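# Requesting a structural model of the entry that follows:
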Amino acid sequence: MKNKVVLFEIPAADLKKAKTFYETIFDWKVDLWEEEGAMALTTAVDKDQQPIELGGINGGFYKRKSKDDYPSFGVQTDSIDKSLIAIEKAGGKVVTPKHSIGEWGFMADFADPEGNVIALWERPVK
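Here you go, the predicted model:
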């Protein structure tokens with residue numbers, strides 16, 4: 001199947017506290033990125049940090065900016081541009097336009113017709 005759920009994002013006001021909690025409770029490996037956020041590894045990864053276990057996904061934490069920040073998940077797509085066009089035609093809205101996330105590719109956020117915000121991820125071209 002195309003367009004798999006490939007990541008999750010959890011807001012945290014205190015990233016160190018979130019790291020301790022999730023490592024203790026779920027045995028995840030959480031790598032802090034100063035005050036910007038953290039990478040959460042929930043499953044084994046390859047040299048490119050991609051999950052190697054069938055169905056496994058990893059994710060991260062981002063600095064909570066508002067009480068309205070909630071956990072979300074991300075869907076991989078071959079083309080964020082095409083997906084956003086289809087989303088708007090189907091009644092969704094672009095929340096955050098396509099933007100680079102460096103060596104990891106591109107992301108964007110959209111809201112479905114019910115207002116649920118979901119991330120899109122497009123791998124970099126290699």
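# who's sitting farthest from the centroid in the protein?
K89 (23.4 Å; Cα atoms, centre = their mean).
# What segments of this protein are strands?
All strands of the chain, identified by DSSP state E, fall at 5-12, 29-33, 37-41, 58-63, 72-76, 93-100, 106-111, 117-122.
# tell me the contacts of A44?
Contacts of A44 were listed using Cβ atoms under 8 Å, 6 or more residues apart in numbering, and they are 51-53, 56. (Each C-beta comes from the backbone N, C-alpha and C, glycine too.)
# 6 Å instead, please
52-53 (Cβ atoms under 6 Å, 6 or more residues apart in numbering).
# and if you look at W121?
74, 76, 107.
# Turn these into JSON lines, columns for neighbour count, distance to Y62 and pLDDT.
Output for the contacts of W121, formatted as JSON lines (neighbours: other Cβ atoms under 10 Å; distance: Cβ to Cβ, whole Å; pLDDT from 0 to 100):
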{"residue": "G74", "neighbour count": "21", "distance to Y62": "12", "pLDDT": "93"}
{"residue": "Q76", "neighbour count": "18", "distance to Y62": "19", "pLDDT": "93"}
{"residue": "M107", "neighbour count": "19", "distance to Y62": "11", "pLDDT": "95"}
